[in-house]
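*Asks:* Here's my sequence, what's the structure:
(one chain, ligands or ions: 1)
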Amino acid sequence: MSRVAYVNGRYVPHRDAAVHIEDRGYQFADGVYEVIAVAGGRLVDEAGHLARLRYSLGEVGIPRPMTDRALAIVLREVVRRNLVKDGVVYLQVTRGVARRDHGWAEGMPPSVVATARPKKQPTALAAKGVSVITVPDLRWKRCDIKTVGLLPNVMAKQLARAAGAFEAWMVDDQGNVTEGTSSNAWIVTRDGAVVTRKADSAILNGITRTAVVEAAAAAGLALQTRPFSVDEALGAAEAFVTSTTSFVLPVISIDGRPVGDGKPGPMARKLLGLYCEKAGLGE
Ligand SMILES: Cc1ncc(COP(=O)(O)O)c(C=O)c1O
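*Replies:* Have a look, this model is predicted:
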C-alpha cells in the first residue's frame with residue numbers, strides 16, 4: 001500500500017508530497033500543527049484538537065484555512081486513504097508561501113498538509129514504565145501555542161534518546177518542571193494527590209491533559225494544578241506523562257533515580273483506565 005498525503009487541496013503520493021522552499025513554515029517555523037490519535041479508524045477527541053488548532057492559529061494571526069467541517073473531512077480522508085485503523089494523523093497549517101521577509105503581507109493563503117500513519121497503542125510501554133531526564137527549558141514564552149518551532153524540544157528529546165530515556169522533562173528558572181518535549185508532566189504525592197502544572201503560557205495545554213484532569217475530577221480524586229520541582233517529583237509516590245500518542249504513561253525514573261518503588265504505580269494505571277474509558281479507547 002502506498003502512502004497518501006494531503007497538500008493544499010490535493011491528495012498526492014507521500015513520496016511526491018512537497019511545499020515550496022519559500023513556505024514560511026520552512027523558513028521561519030511560521031506555522032502550527034496538531035497530532036490526533038486514530039483508534040479503530042476514529043479520531044480521538046477531534047473536537048478538542050480542532051479547537052486548539054483554532055486557538056493556535058488565532059494567537060499567531062494565521063487565517064483559518066477552511067471550516068472545521070472541511071478540515072474534519074480532510075483528516076478522515078487521509079486516514080481512510082492510508083488505511084489507518086490505529087495510528088496518528090498529523091495536520092499542519094503554515095502562513096503560506098512568500099518572498100522571504102520577516103513581516104508578512106495579509107491575505108496570503110495558508111499552506112495545509114496532512115499525513116496519517118499506523119502506530120501501535122502504547123500498552124506495552126505503559127506496563128513497563130519509562131524513564132525521563134531533566135533539561136533546562138530553553139523555549140520561548142508562548143508554549144501554549146502549538147507551533148512547529150520545536151528546536152528546543154527536538155534537542156531535548158535527542159538528549160533523552162542519547163541517555164536511553166523516553167522523554168526529557170524541561171525545568172524552568174525556578175527549578176520547576178514545565179512539561180515534557182512532547183507530553184505533559186504529572187506526579188502523585190505520597191498522600192494521593194494528582195499534580196500537574198496549571199495550563200498557562202509555560203506549557204502546551206494537552207488535550208490528553210485536559211481529558212485526564214476531567215476524568216480525575218469526575219472520579220473524585222484529589223487534583224492540584226500547580227508547579228512541582230524535580231526534587232518533589234523524586235520524592236513522589238508516582239510520576240507519569242500524558243499525550244496523544246502516550247495516553248497515560250508511568251515514569252519510573254528521573255535522571256537515573258527511581259520514582260516511588262521504581263515501578264508503574266496504581267494511580268497511573270487507574271488514570272489510564274479512566275482516560276481510555278472517556279476517550280472510547282480499548283486499553
Ligand atoms: C510540548 C508538548 N506538551 C504536551 C503535549 C501533549 O499534548 P496532547 O495531549 O494534546 O498530545 C505535546 C504533544 O505533542 C507537546 O508537544
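*Asks:* so Leu271 sits right up against Thr196, yeah?
*Replies:* No - at 10.8 Å, Leu271 does not count as touching Thr196 under the criterion of CB atoms under 8 Å. (Glycine included, C-beta is placed from N, CA and C.)
*Asks:* Now do the shared contacts for those two.
*Replies:* Val212 (CB atoms under 8 Å, 6 or more residues apart in numbering).
*Asks:* For the protein, what lies in contact range of the ligand?
*Replies:* Applying CB under 6 Å from any ligand atom, we find that the chain lies next to the ligand at 35, 153, 179, 182-184, 204, 206-209, 242-244.
*Asks:* And those, which is closest to Thr115?
*Replies:* Val35 (10.2 Å; CB to CB).
*Asks:* Helix or strand: which one has that closest one?
*Replies:* Using DSSP states H and E, the element containing Val35 is strand 31-39.
*Asks:* Mind listing what's buried along that strand?
*Replies:* Buried residues in strand 31-39, counting neighbours by 16 or more other CB atoms under 10 Å, are found at 31-39.
*Asks:* rewinding a little: a markdown table for the residues of the chain next to the ligand, including secondary structure?
*Replies:* Converted to a markdown table, these look like this (DSSP: H, G, I helix; E, B strand; the rest coil):
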| residue | secondary structure |
| --- | --- |
| Val35 | strand |
| Asn153 | helix |
| Glu179 | strand |
| Ser182 | coil |
| Ser183 | coil |
| Asn184 | strand |
| Leu204 | coil |
| Gly206 | coil |
| Ile207 | helix |
| Thr208 | helix |
| Arg209 | helix |
| Thr242 | strand |
| Ser243 | strand |
| Thr244 | coil |
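*Asks:* how about the CA coordinates for stretch 22-38, as CSV?
*Replies:* Only the C-alpha atoms of stretch 22-38 are listed here, as CSV (Å, rounded to 0.1, in the frame of the first residue of the first chain):
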residue,chain,number,x,y,z
GLU,A,22,9.7,29.7,0.5
ASP,A,23,6.9,28.4,2.6
ARG,A,24,7.1,30.4,5.8
GLY,A,25,6.8,27.2,7.8
TYR,A,26,10.1,26.1,6.3
GLN,A,27,11.9,29.4,6.6
PHE,A,28,10.5,30.8,9.9
ALA,A,29,8.7,27.9,11.6
ASP,A,30,5.7,30.2,11.0
GLY,A,31,3.0,27.6,11.4
VAL,A,32,1.1,25.5,13.8
TYR,A,33,0.0,21.9,13.9
GLU,A,34,-2.0,19.1,15.6
VAL,A,35,-1.4,15.4,16.1
ILE,A,36,-4.6,13.4,16.6
ALA,A,37,-4.8,9.8,17.6
VAL,A,38,-6.7,7.3,15.5
